[in-house]
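Novice: sequence? don't have it. structure:
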């Protein structure tokens, strides 16, 4: 189970690099070579080479994308205003520095889900979708987009994480997380965390939840949801990511990212980003931050 989350064992370097992307970047995902950016107002995805930030291509025809997930072959995008998800082919030949202006034809499927899809996760075989406005998660077969289940959870599901067996769902308006058995969609528990939980990550043993409403991160034991501790971070934490040793937390109102040591939750400092950091992704070496208000990425 730990191998799912543990990608490396050294601390990220803070480069301070900034890269321009599309309009209102809302989500990030790494495909093992490139960083993908969901540009909500641009109705497109920007794909940049992780090694140097060069734009590889722009994928158009993806309406109001606000979440991304990679399944090993395809990138998935949640289209919030259309109540759908798009499946986009990842073409290995595009990874050299050869930018394409429009790769929309590589959208291989668009599938209906619930109301206002807001978050995505891949469990190794299925794509899970958090439907913010109808309080459900949808389970899709990744190979075909077939809907396998719709699972009621708490109020305002807005972030997802997979721990090797269970999908964890943050419920923004309930101040809780739901634990869902991936194999059959059974909700096995709901656990209180804090006001407005908005981000969730798994570190191999522990579930970490960022609570936007009180500027904290709560650690839960993945096995039973028991609370292990609380760490203070910056204002309005909206996303959290694990790098193998540390948790990184995007603080939207501070325009910073806080670094926590996963072993004990110690706060190791905060780093300046662009305006309104809203999403995070780890590429094996660096942490990438989507800055919603400045239409940039920070590379830390």
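Specialist: Nice, I can see it. For clarity, every value in this text was computed on a predicted model and none was experimentally measured.
Novice: Let me know the next secondary structure element after the helix or strand of the chain with the lowest mean pLDDT.
Specialist: Every helix and strand in the chain was compared by mean pLDDT, DSSP states H and E; the lowest is helix 2-5, with a mean of 37. Counting by DSSP states H and E, the next helix or strand C-terminal to helix 2-5 is strand 17-20.
Novice: Give me the helices and strands touching that next one, please.
Specialist: strand 296-299 (3 or more C-beta pairs under 8 Å, 6 or more residues apart in numbering; DSSP states H and E). No exception for glycine: its C-beta is placed from N, CA and C like everyone else's.
Novice: Can you give the distance from the strand it packs on to the centre of its chain?
Specialist: On the basis of C-alpha atoms, centre = their mean, to the nearest Å, strand 296-299 sits 15 Å off its chain's mean C-alpha point.
Novice: Next: stretch 210-227.
Specialist: That offset, for stretch 210-227, works out to 17 Å (C-alpha atoms, centre = their mean).
Novice: and it, which residues are buried?
Specialist: Buried positions in stretch 210-227, judged by neighbour count with 16 or more other C-beta atoms under 10 Å: 210, 211, 212, 214, 215, 216, 217, 218, 219, 220, 222, 225.
Novice: need the contact list for residue 283.
Specialist: 30, 35, 50 (C-beta atoms under 8 Å, 6 or more residues apart in numbering).
Novice: out of those residues, which one sits closest to residue 242?
Specialist: Distances from residue 242 to these, taken as C-beta to C-beta, are shortest for residue 30 (12.7 Å).
Novice: And for the closest one, the neighbour number?
Specialist: 18 (other C-beta atoms under 10 Å).
Novice: Report the secondary structure state of residue 29.
Specialist: Here residue 29 is recorded as strand under DSSP: H, G, I helix; E, B strand; the rest coil.
Novice: Residue 240 reaches residue 210, doesn't it?
Specialist: Yes - here residue 240 reaches residue 210: they are 4.5 Å apart, a contact under C-beta atoms under 8 Å.
Novice: Now do the shared contacts for the two.
Specialist: With C-beta under 8 Å, 6+ apart as the test, residue 240 and residue 210 both reach 199, 200, 217, 249, 250.
Novice: now those in a markdown table, with pLDDT and secondary structure?
Specialist: Converted to a markdown table, those look like this (pLDDT from 0 to 100; DSSP: H, G, I helix; E, B strand; the rest coil):
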| residue | pLDDT | secondary structure |
| --- | --- | --- |
| 199 | 98 | strand |
| 200 | 98 | strand |
| 217 | 98 | strand |
| 249 | 98 | strand |
| 250 | 98 | strand |
